[in-house]
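Enquirer: Dropping the sequence and predicted coords here.
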Amino acid sequence: MQALASKLEATSGITDLVGSGASGRIYPVVLRQGTGYPAIRFVRIDSPRGSMLDADTGLVWPRVQIDSYGETYASAAAVAAAVRAALKRQAWTQDSVEVEDALLEQEDDTYEGDVRKYRIRQDYVFCYRE
């Protein structure tokens, strides 16, 4: 997950929208209370590992939900588009982790009435070797 956070934080198309460094708004698992918007939250859903007969392949396919939040639908959509451009079908090495592929499996829109923010959820399946 740290490799994903580093990739998002190193992508100017994303940081132009959500900020960078200590003032950046990219969060694992939970949005920070009182955060500004737009913002990104990501959470690992599962991490199946490959096995063949009596040996592990070393491949991992984590499913990660990435939520792009905004005060307007347009701002949430802009962040989601930047995330998609940075990740979809990309391979990269970050923090010594070689990501071989990133598949965007699902994307949907919603309005979070309790916090009055728009959210675009993207589910990615990554492939990397441990």
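Expert: Structure received.

Enquirer: How about the contacts made by the residue nearest to the spatial centre of the chain?
Expert: Nearest to the geometric centre of the chain sits residue 66, at 3.9 Å (CA atoms, centre = their mean). Counting by CB atoms under 8 Å, 6 or more residues apart in numbering, residue 66 touches 40, 41, 42, 83, 87, 121, 122, 123, 124. In this view, the C-beta of every residue, glycine as well, is placed from N, C-alpha and C.

Enquirer: Equivalent analysis for residue 82, please.
Expert: Applying CB under 8 Å, 6+ apart to residue 82 gives the contacts 11, 13, 14, 16, 17.

Enquirer: Please repeat the previous calculation with a cut-off of 7 Å.
Expert: Listed by CB atoms under 7 Å, 6 or more residues apart in numbering, the contact partners of residue 82 are 13, 14, 17.

Enquirer: you'd agree the last one is in a strand?
Expert: No: when classified by DSSP: H, G, I helix; E, B strand; the rest coil, residue 17 is found to be helix rather than part of a strand.

Enquirer: In contact with it, which residues?
Expert: Counting by CB under 7 Å, 6+ apart, residue 17 makes contact with 38, 78, 79, 82.
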